[in-house]
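Enquirer: Could you work out the structure for the sequence below:
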Amino acid sequence: MEEVFIGVDVSKDTLDVFVLPSKSSLKVSNDKDGIKEILKTAKEVNPVSIVMESTGAYHNALAASIAKENLPVIVINPRQVRDFAKAKNRLAKTDKIDAQIIALFAKEIKPERRELKDETLKELEALVIRRDQLLNMITAEKNRLYVCHKSVKNDILGSIRTLEKHLRRIDEDLGDFLKKEGVIKHKAELLNSVPGVGKALTSVLLSMMPELGSLNRKECASLAGVAPFN
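Expert: Residues are numbered from 1 along each chain as shown. Reported below is the predicted structural model:
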């Protein structure tokens with residue numbers, strides 16, 4: 001029996017599904033009813049994997065629902081699909097075509113299934129992303145400061161001070177988060193024991209690689225993308 005792969009293109013309001021090898025497609029709303037329809041389809045075809053891109057918060061409900069049904073859901077970095085599409089010279093863009101490309105990616109690349117993040121890790125990830133956003137905004141404002149007219153200099157300085165205040169608060173929240181009792185605290189203490197690894201790097205590693213602690217060093221290197229594969 002031929003293996004089945006499902007690609008899902010996720011947007012705020014809709015979910016586009018493409019199934020290989022049958023080449024059947026489905027477009028549903030990104031809500032409970034739409035997700036229920038996708039689950040029904042997936043159970044009927046018993047796929048090897050159901051692959052979707054990470055799209056902010058829009059994919060979370062679907063991914064969690066699929067995982068709850070013990071179906072093989074895989075959430076991947078959108079860059080991987082873009083690179084794959086370029087290699088295949090598939091440059092046209094519609095939701096249906098995107099779902100088809102994701103299904104083809106699932107079939108040919110066979111990405112590894114990773115553990116989905118629980119609410120604790122999602123909270124940590126949100127703090128890490130917000131910290132990164134604030135750093136980028138501060139850098140942008142400081143760059144503007146060098147070339148701005150004197151009439152707006154004080155306004156930009158005020159913006160920088162406000163952003164830096166928010167950054168300090170996020171850093172405090174991250175510090176408090178890493179001190180919470182449980183697995184996160186244990187992993188954070190282990191990472192912080194390594195010279196040169198501080199709170200910021202620890203937060204990024206724990207939020208982006210929840211598998212840390214359950215993999216050996218070679219598997220970790222592969223997951224992080226720094227293993228020297230040919």
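Enquirer: any weak-confidence spans in the chain?
Expert: Along the chain, segments meeting pLDDT under 70 span 1, 56, 115-118, 181, 214, 223-230.
Enquirer: Spatially, what comes nearest to the spatially most central residue of it if we skip its sequence neighbours?
Expert: The geometric centre of the chain, computed from its C-alpha atoms, lies nearest to residue 54 (Cα atoms, centre = their mean), at 4.5 Å. Distances taken as Cβ to Cβ, 6 or more residues apart in numbering put residue 75 closest to residue 54, at 5.2 Å, once the chain neighbours are dropped. To be clear about C-beta, it is placed using only N, CA and C from the backbone, and glycine gets the same treatment.
Enquirer: wait, doesn't the one you found sit right on residue 114?
Expert: Yes: when contacts are counted by Cβ atoms under 8 Å, residue 75 is listed as touching residue 114 (7.4 Å).
Enquirer: Looking at the two, which has the bigger crowd around it?
Expert: residue 75 (23 against 14; other Cβ atoms under 10 Å).
Enquirer: for the host helix or strand of that one, packing partners?
Expert: Per DSSP states H and E: residue 75 is located in strand 73-76. On a contact count with 3 or more Cβ pairs under 8 Å, 6 or more residues apart in numbering; DSSP states H and E, strand 73-76 meets strand 49-53, helix 60-68.
Enquirer: And the last one, what's buried?
Expert: Judged by neighbour count using 16 or more other Cβ atoms under 10 Å, the buried positions of helix 60-68 are 60-63, 65-67.
Enquirer: Let me have the helices and strands packed on strand 73-76 in a markdown table, adding distance to residue 145 as columns.
Expert: Listed next are those as a markdown table, based on distance: least, Cβ to Cβ, whole Å:
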| stretch | distance to residue 145 |
| --- | --- |
| strand 49-53 | 36 |
| helix 60-68 | 38 |
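Enquirer: Nearest to residue 9, out of those?
Expert: With Cβ to Cβ as the measure, strand 49-53 is the member of these nearest residue 9 (7.5 Å).
Enquirer: From the rest of the structure, what touches the closest one?
Expert: Contact with strand 49-53 is made by 5-10, 42, 59, 62-63, 66, 71-78, 81, 102-103, 105-106, 110-111, 113, as judged by Cβ atoms under 8 Å, 6 or more residues apart in numbering.
Enquirer: Direction included, what does it pair up with?
Expert: According to DSSP bridges, strand 49-53 forms sheet pairs with strand 5-10 (parallel), strand 73-76 (parallel).
Enquirer: Mean neighbour count, these: which tops it?
Expert: Neighbour counts averaged per stretch over these are highest for strand 5-10, at a mean of 26; criterion: mean count of other Cβ atoms under 10 Å.
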